[in-house]
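Asker: Coordinates only, no sequence provided:
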């Protein structure tokens, strides 16, 4: 009965590969997000979807492409992985863009 | 552009002490302010959410206050315990798409 679940929890891959991270929420929230936490532990938003519509797209390389098949799911696909992509990626959701957030437990991506 | 600041970056206190964690923000047009806890290698756990119309919220030994006019929020922890050791982050959504901006967090260590 996890509220926001991400898979996989850990991901180790080689440079140049393409990988996806999946996120699902069972809270009935309308808005979902992807955040990146870098090595200095700073959290920064990457994307936000409201009712499957992209509403926030920060300055993120276009190798990163979010996809929201429905309100409960927001996946993140990353092409041509680079060493600098190594980080922890968090999915989150909220009832509205102005509401309180619930975060997933994170996906630790390591690019070697 | 919203900027959220948390000072100091780290804090060490003896068990049993009451303590206050500070958070300041530059754009007072926030919808709410949320305090999170992050344990090492883990995700974010929501502690308290204060709506912009509220002055404070309480949960157990935690009390969070919000002063929009001065751009400040505080998280008060009563009778601290070693289990309170974690990083505490504050975050506030602002702007048309309510982008959630995080502070860099305060890493708290409670010594037995």
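Answerer: Structure's in. What do you need? Computed from a predicted model, the values in this text were never measured in an experiment. Residues are numbered from 1 along each chain as shown, chains lettered A, B, ... in the order given.
Asker: Tell me which residues of the host helix or strand of residue A:21 come out buried.
Answerer: Per DSSP states H and E, residue A:21 falls inside strand A:19-25. For strand A:19-25, burial by neighbour count (16 or more other Cβ atoms under 10 Å in any protein chain shown) applies to A:19, A:21, A:22, A:23, A:24, A:25. Bear in mind the C-beta positions are built from the backbone N, C-alpha and C, glycine included.
Asker: could those go into JSON lines alongside distance to chain B and pLDDT?
Answerer: Formatted as JSON lines, the buried residues of strand A:19-25 follow (distance: Cβ to the nearest Cβ, whole Å; pLDDT from 0 to 100):
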{"residue": "A:19", "distance to chain B": "20", "pLDDT": "97"}
{"residue": "A:21", "distance to chain B": "14", "pLDDT": "98"}
{"residue": "A:22", "distance to chain B": "15", "pLDDT": "97"}
{"residue": "A:23", "distance to chain B": "12", "pLDDT": "97"}
{"residue": "A:24", "distance to chain B": "15", "pLDDT": "97"}
{"residue": "A:25", "distance to chain B": "13", "pLDDT": "97"}
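Asker: My guess is residue A:81 contacts residue A:12. True?
Answerer: No. Using Cβ atoms under 8 Å, residue A:81 is not in contact with residue A:12; the gap is 10.7 Å.
Asker: Tell me which stretches of chain A form helices.
Answerer: Assigned helices in chain A: none (criterion: DSSP state H).
Asker: List the contacts of the residue nearest the centre of it.
Answerer: Chain A has residue A:34 as the residue nearest its centroid, 3.2 Å off, counting by Cα atoms, centre = their mean. Contact analysis of residue A:34 by Cβ atoms under 8 Å, 6 or more residues apart in numbering or on different chains lists A:23, A:45, A:46, A:47, A:48, A:66, A:74, A:76, A:89, A:90, A:91, A:92.
Asker: Apply 10 Å and report the result again.
Answerer: Neighbouring residues of residue A:34 by Cβ atoms under 10 Å, 6 or more residues apart in numbering or on different chains: A:6, A:21, A:23, A:45-49, A:56, A:58, A:60, A:64, A:66, A:74-76, A:89-92, A:104, A:107.
Asker: Now do the lowest-mean-pLDDT helix or strand in chain B: distance to the chain's middle.
Answerer: Least confident helix or strand of chain B, by mean pLDDT, DSSP states H and E, is strand B:99-102 with a mean of 86. How far strand B:99-102 lies from its chain's middle: 13 Å, per Cα atoms, centre = their mean, to the nearest Å.
Asker: what comes up buried for that strand?
Answerer: Neighbour-count burial for strand B:99-102 [16+ other Cβ under 10 Å]: B:99, B:100, B:101, B:102.
Asker: Cross-check the residues you listed against chain A and keep the overlap.
Answerer: B:99, B:100, B:101, B:102 (Cβ under 10 Å from any Cβ of the partner chain).
Asker: gap between the third one and residue B:1?
Answerer: Summarising the geometry, the distance separating residue B:101 from residue B:1, computed by Cβ to Cβ, to the nearest Å, is 8 Å.
Asker: between those two, what contacts are shared?
Answerer: B:26, B:27, B:94, B:95.
Asker: Thanks a lot, catch you later.
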